[in-house]
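Participant: Structural data only, the sequence is not supplied:
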């Protein structure tokens, strides 16, 4: 009888462990920030994106972190302006926490909170989701306004160059189990 109870408890714990597997982000992922200005459009790749939480059965609890100073545009001066605008010294990460997740075919709707520059806002992200052999690929874009997060759209050269208030976060995130 004792062996049977031990076997049942062990089986339950192992099963729970399998369902509690967390996602990790694949190096095949790409996240970019795209914006406009009165001179030219611009973009920066986020080279350091981190994920934690979630489970093999749900994205609820998934935490996605974008390291601000890993944003690279290919122009060091532009990179410094991006980091300064996003107040990277005081707020080194942009964080999205998934609080609700619903899938309908290839459409994934995630509700959660996005924190930029220390300002947390509830947002809804609608993305395309594709199953892979060992995880998910989530792709789409999300519009963000600087002013929603307590920032002014930057201007340079004494106001001769003005960046638009709206930016797009364009992502193709590959999550593996």
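Facilitator: Done, it's in. Since the structure is predicted, the reported quantities are computational estimates derived from the model, not experimental observations.
Participant: ok, longest strand in this structure?
Facilitator: In the chain, with assignment by DSSP state E, the single longest strand is strand 161-176.
Participant: Do a quick rundown of the helices in the protein.
Facilitator: For the chain, helices defined by DSSP state H occupy the ranges 2-19, 76-85.
Participant: weakest of these by average pLDDT?
Facilitator: When these are ranked by mean pLDDT, helix 2-19 comes last with a mean of 41.
Participant: Poorly predicted segments of the chain, please.
Facilitator: Within the chain, the stretches with pLDDT under 70 are 1-21, 56, 155-160.
Participant: Dead centre of it: give me the residue that sits there.
Facilitator: Residue closest to the average C-alpha location in the chain (C-alpha atoms, centre = their mean): residue 64, at 4.3 Å.
Participant: OK, contacts around the residue nearest to that one when sequence neighbours are not counted?
Facilitator: Spatially, and ignoring its direct neighbours in sequence, residue 64 is nearest to residue 96 (4.5 Å; C-beta to C-beta, 6 or more residues apart in numbering). In short, each C-beta sits where N, CA and C put it, glycine included. Residues in contact with residue 96 (C-beta atoms under 8 Å, 6 or more residues apart in numbering) are 63, 64, 112, 113, 114, 115, 123, 125.
Participant: swap in residue 106?
Facilitator: Contacts of residue 106 (C-beta under 8 Å, 6+ apart): 128, 129, 130.
Participant: Would you mind stating the distance between the first one and residue 177?
Facilitator: What it means is residue 128. Distance of residue 128 to residue 177, computed by C-beta to C-beta, to the nearest Å: 19 Å.
Participant: Noted, bye for now.
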